[in-house]
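[1] What follows is a predicted structure for the sequence shown.
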Amino acid sequence: MDEVVHIAKQTVQAVSRGVQLAVVIGGGNILRGGSFTAGNTSIQEATAHSMGMLATVINGLALQDALESFGAQTRLMTAVRMDGVAEPYIRRRAKRHLEKERIVILAAGTGSPFVTTDTAAAQRSLELEADILMKATRVDGVYSDDPEKNPHAMLYRELTYQQVREQNLRVMDATAISQCMEHAMPILVFNYRKEGNIERALAGEKIGTLVSGRRD
């Protein structure tokens with residue numbers, strides 16, 4: 001819960017600049033549908049993915065309360081209908097919430113199994129006509145290797161979509177990268193755990209790794 005409060009505090013400080021922010025939330029800390037069935041034949045993989053989508057709603061509720069405790073206006077929207085808990089995701093309604101300066105939390109992925117949260121984030125970014133897709137992660141950006149295992153891994157400051165695909169870099173899954181590449185949606189990968197980084201990212205400061213169509 002401390003981490004949720006930390007994220008919420010940074011987020012509220014960042015949106016005070018007047019930016020519109022939609023948050024696609026994951027649920028891997030509770031359950032990852034894609035890995036849940038390993039060695040377990042009693043639960044079908046599609047069911048496990050549905051369980052993972054519900055985990056994102058749990059996180060969404062926690063984040064919503066944390067944001068509101070700092071005075072933010074929010075709306076939790078889900079791709080799977082659960083009217084007693086959240087609003088159904090409707091693109092036009094989500095855009096209207098953003099125009100009214102509400103933080104929109106998007107849960108339950110795309111509502112379909114076998115689709116990652118990365119792909120859901122790419123999809124929602126395009127639907128809501130975002131300026132940039134920002135992936136908040138535990139490391140400072142995109143590295144040549146896993147920095148948690150290889151201390152000599154090199155941090156990239158800028159990459160093209162093609163470089164990400166050719167080098168098989170761990171930015172987002174291939175479907176998400178392809179969608180962003182096709183529609184020229186820039187991606188910023190940064191470390192949300194560093195104090196102030198969410199605000200710096202929204203302010204356009206040069207942190208993390210920027211993935212875009214060309215390298216200056």
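    Arrived safely, thanks for sending.
[2] which sections of this protein are below the confidence cut-off?
    By pLDDT under 70, the low-scoring segments of the chain are 34-41, 214-216.
[3] how about the longest helix seen in the chain: buried residues?
    In terms of residue count, the longest helix belonging to the chain (DSSP state H) is helix 45-69. For helix 45-69, burial by neighbour count (16 or more other Cβ atoms under 10 Å) applies to 48-64, 66-67. Placement of C-beta: from N, CA and C, glycine included.
[4] ok, the residue positioned nearest the centre of the chain to K9 distance?
    Central residue of the chain (Cα atoms, centre = their mean): V24, 4.5 Å from the mean position. Distance, V24 to K9, by Cβ to Cβ, to the nearest Å: 20 Å.
[5] Break the protein into its domains for me.
    Split into domains by automatic domain parsing, the chain comes to 1-130, 131-216.
[6] how long is the longest one from one end to the other?
    What it means is domain 1-130. 29 Å (Cα to Cα, to the nearest Å).
[7] now the strands: where do they sit in the protein?
    Residue ranges of the strands in the chain, as given by DSSP state E, are 22-24, 74-78, 87-88, 103-107, 133-137, 142-143, 155-156, 158-160, 187-191, 209-212.
[8] Would you mind finding the most buried of the ones you listed?
    Most buried of the strands of the chain, by mean neighbour count (mean count of other Cβ atoms under 10 Å): strand 103-107, with a mean of 26.
[9] So which residues of the chain form helices?
    2-15, 33-36, 45-69, 91-99, 117-127, 161-166, 174-182, 197-202.
[10] now the angle from the third one to helix 117-127?
    The reference is to helix 45-69. Interaxial angle of helix 45-69 relative to helix 117-127 (axes from the mean of the first three to the mean of the last three Cα atoms, to 10 degrees): 60 degrees.
[11] just the angle between helix 45-69 and strand 103-107, please?
    Going by the same axes, to 10 degrees, helix 45-69 makes 160 degrees with strand 103-107.
[12] I'd like the strands of the chain written out as TSV, with distance to C180 added.
    Putting the strands of the chain into TSV (distance: least, Cβ to Cβ, whole Å) gives the following:
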stretch	distance to C180
strand 22-24	13
strand 74-78	21
strand 87-88	25
strand 103-107	17
strand 133-137	6
strand 142-143	14
strand 155-156	16
strand 158-160	11
strand 187-191	6
strand 209-212	8
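[13] To L106, which of the helices of the chain lies closest?
    L106 lies closest to helix 117-127 among the helices of the chain, at 5.5 Å (Cβ to Cβ).
[14] and that closest one, which residues are buried?
    Taking 16+ other Cβ under 10 Å as the criterion, helix 117-127 shows T117, D118, T119, A120, A121, A122, Q123, R124, S125 as buried.
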